[in-house]
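>>> task: produce atomic coordinates for the following.
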Amino acid sequence: MSESANKNPLAQLEETLDEYFGKKAPALPQNIKEILVKIAPYLVIIGLIFTIPAILILFGLGSVATVLAPVGGAQSVATVPTMWVGILLLVPVVILEAMAVPGLFSRKIGAWRFVFWATLISIVSSLVQIQILGALLSAVIGFYILFQVKNLYK
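Model (predicted):
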C-alpha cells in the first residue's frame, strides 16, 4: 500500500492543495506573507466579533423565515432547508476560527489547520446554498493565501 493511501482524506486534500496553491502558484513576496501572518489573528477576531451576533440573529430570523417562506412565495421547498444548512455550517466555522486565534498569534501549524478546515466548511456551505461563484472565488483566494503563508507556521 502506498504512503498516500494511508493518509486521511483531509491530509491528502491539504497535500494536493499545497502542491498547487503553495508550490506551483506564483509566490507572494516574503514581506507580504509576513504582514498577512501578523494581521491574521486580528482579522479572525474581527470576523468573530461580527459573525457571532449574526449567527444569533440568523437563528431568530431563520425561525421566522421557516414559517413565512411559503407565505412569501418561496419557489422551492428546498429553500428553507438549504438556508438552515447554511446557518448550521456557520457554527463549526466560528468554533474552528475561535480555536485558531491563540495559535495564530504564536504561529502554530495546528491553528493554520483550524483556519484551513473552517475555509473548507465555508466553501461547502456556499455550495449547499448553490452559491457556486462565491464558493469558487472563496476557494481560489482563500486557498492561495492560506497555502502561501503555510510555511510560516510550525
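>>> can I get the CA coordinates of stretch 90-106 in PDB?
Output of stretch 90-106 as PDB, limited to C-alpha atoms (Å, rounded to 0.1, in the frame of the first residue of the first chain):
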ATOM      1  CA  LEU A  90     -21.500  28.600  10.000                       C
ATOM      2  CA  VAL A  91     -21.400  27.300  13.600                       C
ATOM      3  CA  PRO A  92     -18.400  25.000  13.200                       C
ATOM      4  CA  VAL A  93     -16.600  27.700  11.100                       C
ATOM      5  CA  VAL A  94     -16.900  30.100  14.000                       C
ATOM      6  CA  ILE A  95     -15.800  27.400  16.500                       C
ATOM      7  CA  LEU A  96     -12.700  26.500  14.400                       C
ATOM      8  CA  GLU A  97     -11.800  30.100  13.900                       C
ATOM      9  CA  ALA A  98     -12.100  30.800  17.600                       C
ATOM     10  CA  MET A  99      -9.900  27.800  18.400                       C
ATOM     11  CA  ALA A 100      -7.300  29.100  15.900                       C
ATOM     12  CA  VAL A 101      -6.800  32.500  17.400                       C
ATOM     13  CA  PRO A 102      -4.300  31.700  20.200                       C
ATOM     14  CA  GLY A 103      -2.200  29.500  17.800                       C
ATOM     15  CA  LEU A 104      -2.300  32.200  15.100                       C
ATOM     16  CA  PHE A 105      -0.500  34.600  17.400                       C
ATOM     17  CA  SER A 106       2.200  32.000  18.100                       C
END
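>>> residues of it that come out buried?
Neighbour-count burial for stretch 90-106 flags 90, 93, 94, 96, 97, 98, 100, 101, 103, 104 (criterion: 16 or more other CB atoms under 10 Å). Where you see a C-beta, it was placed from the backbone N, CA and C, and this is true even at glycine.
>>> apart from its neighbours in sequence, what residue is nearest the third one?
Counting by CB to CB, 6 or more residues apart in numbering, residue 51 is the residue found nearest to residue 94 once chain neighbours are left out, at 5.5 Å.
>>> same deal with the last one?
Closest residue to residue 104 in three dimensions, ignoring its sequence neighbours and counting by CB to CB, 6+ apart: residue 41, at 3.9 Å.
>>> what about the longest helix in this structure?
Secondary structure assigned by DSSP state H gives helix 30-68 as the longest helix of the chain.
>>> rounded mean pLDDT for whichever helix or strand comes after that one, please.
Next in sequence after helix 30-68, counting helices and strands by DSSP states H and E, comes helix 79-105. Across helix 79-105, pLDDT averages out at 87.
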